[in-house]
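Asks: Okay, predicted coordinates and the sequence, questions at the end:
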2 protein chains.
Amino acid sequence: MSQVVSEKQLLLEIQPFLSDLNESEVRNVLEKYRPEDIADIFWDIVLDEAKLIIKSVDNQKAVDIIRSLDEDLLERFLKGYTAQEIANNVISFLNSDDAVDILNILPTSKAEEVLSFLEDQEYAKNLVAMLHYDDDVAGGLMAKELVQVKHNWTVSQCIEEIRKQAEEVDSVHAVYVVNEKNILQGVVSLKDIVLSKPHISVIEITNVDFISVNAYATGEEVARIMNKYDLITIPVIDSMGRLIGRITIDDVVDFIKEEADRDFQLQAGLSESVESGDSVFILSRARLPWLMIGLVGGLGSSMIISNFEGDIAHLPKMAFFMPVVAAMGGNAGVQSSAIIVQGLANNTLISKNIIPKLGKEFTVSLFNGLVCSVIMLSFNIIIGHGFDLSFVVSLALVTVIIFASILGTITPLVLDKFKIDPALATGPFITTTNDIIGLGVYFSLGRLLLGAF
Amino acid sequence: MSQVVSEKQLLLEIQPFLSDLNESEVRNVLEKYRPEDIADIFWDIVLDEAKLIIKSVDNQKAVDIIRSLDEDLLERFLKGYTAQEIANNVISFLNSDDAVDILNILPTSKAEEVLSFLEDQEYAKNLVAMLHYDDDVAGGLMAKELVQVKHNWTVSQCIEEIRKQAEEVDSVHAVYVVNEKNILQGVVSLKDIVLSKPHISVIEITNVDFISVNAYATGEEVARIMNKYDLITIPVIDSMGRLIGRITIDDVVDFIKEEADRDFQLQAGLSESVESGDSVFILSRARLPWLMIGLVGGLGSSMIISNFEGDIAHLPKMAFFMPVVAAMGGNAGVQSSAIIVQGLANNTLISKNIIPKLGKEFTVSLFNGLVCSVIMLSFNIIIGHGFDLSFVVSLALVTVIIFASILGTITPLVLDKFKIDPALATGPFITTTNDIIGLGVYFSLGRLLLGAF
């Protein structure tokens, strides 16, 4: 039983042989490791070392390593190979779903060149058909490799078909039953095939109440359906109901992770998927747009505040509480919008009716705002800021918390209605808006109640 | 082929019969729907209606509906049933992993009562053993139902065993091979069983190079391993290597979602998992702690600024730019920490070596900070704030962006080192800290360069 190892261990063991270009020792070391673990060390080695590794291991293992590489790594790595090498040594050995992933990463001209080098014309045709789909819809996520049987076959004919396809299809989880027009009729579990007598008709053990997805269903939708109905695989059909592929849960797990990552990034104000290993240029590019939004918002708030220059000069203490009013508005707003965004993402927000939500949001934020305000009021009076100023600060605080919470509830729902990713509402955009509104409220109340003018 | 339906459609159709307590019509409507879809409408109906639905459908469907309920819904729903009803009508029909989930939701005393009502003593004993594990480690995620065969059996003996267990184990993805001491020897795929001659020994088709997890492995670890090695099921072993259960990918998908949700919540400043459907009390409780942190931070920043009261009185324009300096620090800090947190969560941050990261972070933030500062400087000079103040603001801006980025990079790595969830570093805590530091830097520079005193 081999254990899951850390990449450090492998790296330590193999590094000297990589430096010496000692192919046979590299092969010896790698024999003990799984392809997925070998892929991990590609983060820490240079292209020539990576090529040496791929050259040292047998072809199937090489392909499994390549298949396990992170997208960014893969892109960099493939630059070291010609289209012909990629066609003959990589694509030919992959399932269609993994092959399409790689073709999508390559520049279009190189991808076309790779396709032209493929010897298996049928396979190349399948890949071209799959490339027509976006890589985030069912047609782009599916694999063509599956076991399909005709509805009038016997169980023993099905077993023969599994045997014939065994080499091409690595792991069989279900057998798909189609009619003479290739229209999907149902699904048979391998368990039922194992337990049935060979001469019975396969239709007798076919589950006809199955769930399928259309080729144009989004990855998110596929993920949600597979998760909801606890499916391991799902068949993909075209608009005529014909079976064209299948998606396995592991591809959807990646999708769920990617989706979640994207929401997290939007919330953090990153405009593209970045990793700390990316170049300075990419890292800056992902971050600058959101900083710009913050900057524009900041300039906006500076212009709002400039209207109150006299008030500040008259009562500089007003400035002490600008950050807390602005920050609390930002925090309360992000909390509210995050709850809505998560509800939308997880589909637990059955009723999108906005009125009761706003009522509840008002109650919650009134309560939280009052608690914060009372603490603030007591603190400021004790510290000696006087009742008048302290009262204005606390009144502004509760107003801003309520206002930001309501805005935070409405914004993602409105974005969602207009088919814009509601997670935008949790990022710097809403925080900045709340900053501006919060400070406007604060200074207006100050002018009104403290009568600076 | 039944389609995936919307809960609205079902709700519309069933609502009149629910109101009339018309059990036979309710049954008729529900026959057309899947249990997972029926579970969805539980959000919109009251307890008595839910009980009517459960009473109307057959027992297996009832259990499948209950199994599909969201945790919060389930908790509310189970309050309507006695321990005996839960034992006889729910737990008895569930796989051990789902049964343990339900027992974990119940108050301890009621869970014990449920266990005492179970007729199948062996099953009750299994559940008690599983309850010893936390619900977020492998032992708490696994199910006991699996097909295990002895290493000296033939393929036909294995098929007999699958047949015997077919009723108890819904879906068989793999057969586990153990020796006489119950120590796991390997895994056989159903495909290989289908394709092998009945008389050969099972050990000949057993994959002995399999991956397993220890019962105390965390859910996160299990998710990472299953995702990395593209596994559909994984066997769970005890410290002696004995097979004690198996985890299927669908339970881990939920776990990945939960983990991602938790990170998102921490970032948004929510201290527990809440949904917009939760009560006002729960929603307030989840949000107040983080607002408090913001409040304390805000009071802290007000005390810092109070040291500069004279400067502000002398030059009230200084106050105009407090929000932008504070906000930009917050934004830049969250961006940096989010990249590190995501790298840690996805395990793409192979080397935790902090020095090169800080170097890169410094470069990125210097570049972004300079871009923002130059824009700010131009804007402020054009708008007529004068070079001196504009220069101080821009200098503060670039300093704060660099400082916040470095702090945002270090904090999650330090938290991770001390086994604290690094996602904490993306929430209000770090934003508040950056606010305080940013304003301190801004006013100090102002005093130094504008010579207010």
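Replies: Okay, I see it. Numbering: from 1, shown residues only, chains lettered A, B, ... in the order given.
Asks: can you count the residues close to the closest residue to chain B within the stretch 301-450 of chain A?
Replies: Among the residues of the stretch 301-450 of chain A, A:Val324 lies nearest to chain B; the distance is 2.5 Å by CB to the nearest CB. All C-beta atoms are positioned from the backbone trio N, CA, C, and that covers glycine. Using other CB atoms under 10 Å in any protein chain shown, A:Val324 is surrounded by 29 other residues.
Asks: now the nearest residue to A:Glu7 once chain neighbours are set aside, what's its secondary structure?
Replies: Among residues not flanking A:Glu7 along the chain, A:Asp40 sits closest, at 3.9 Å (CB to CB, 6 or more residues apart in numbering or on different chains). With DSSP: H, G, I helix; E, B strand; the rest coil as the basis, A:Asp40 sits in helix.
Asks: What are the contacting residues of stretch A:295-308?
Replies: Under the criterion CB atoms under 8 Å, 6 or more residues apart in numbering or on different chains, residues A:312, A:318, A:322, A:326, A:428, A:432-433, A:435-436, A:439-440, A:443, A:446-447, B:317, B:319-321, B:323-325, B:327-328, B:372, B:375-376, B:379 lie in contact with stretch A:295-308.
Asks: Name the residues of that stretch that come out as buried.
Replies: A:295, A:297-302, A:304-306, A:308 (16 or more other CB atoms under 10 Å in any protein chain shown).
Asks: CA-only coordinates of it in CSV, if you can.
Replies: These are the backbone C-alpha positions of stretch A:295-308, laid out as CSV (Å, rounded to 0.1, in the frame of the first residue of the first chain):
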residue,chain,number,x,y,z
LEU,A,295,-9.3,55.1,-5.7
VAL,A,296,-12.1,56.6,-7.6
GLY,A,297,-14.4,56.0,-4.7
GLY,A,298,-11.8,57.5,-2.4
LEU,A,299,-11.6,60.6,-4.6
GLY,A,300,-15.4,60.8,-4.5
SER,A,301,-15.4,60.7,-0.7
SER,A,302,-12.7,63.3,-0.5
MET,A,303,-15.0,65.6,-2.6
ILE,A,304,-17.9,64.9,-0.4
ILE,A,305,-15.9,65.7,2.7
SER,A,306,-14.5,68.8,1.2
ASN,A,307,-18.1,70.3,1.4
PHE,A,308,-17.6,70.0,5.2
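Asks: low-scoring stretches of chain A, by residue?
Replies: The model of chain A has pLDDT under 70 over residues A:1-6, A:272-273, A:276, A:346-353, A:451-453.
Asks: roughly how far is stretch A:75-87 from the heart of the chain?
Replies: 26 Å (CA atoms, centre = their mean, to the nearest Å).
Asks: show me the contacts for A:Val374.
Replies: Per CB under 8 Å, 6+ apart, neighbours of A:Val374: A:Ser394.
Asks: Under a three-state scheme, what state does it occupy?
Replies: The local conformation at A:Val374, judged by three-state DSSP, is helix.
Asks: For A:Leu395, see how far away it is.
Replies: Counting by CB to CB, to the nearest Å, the gap from A:Val374 to A:Leu395 is 12 Å.
Asks: Run through who's touching the helix or strand where A:Pro16 lies.
Replies: Using DSSP states H and E, A:Pro16 sits in helix A:7-19. With CB under 8 Å, 6+ apart as the test, helix A:7-19 has contacts from A:25-26, A:29-30, A:33, A:37-38, A:40-41, A:43-45, A:49, A:52-53, B:350.
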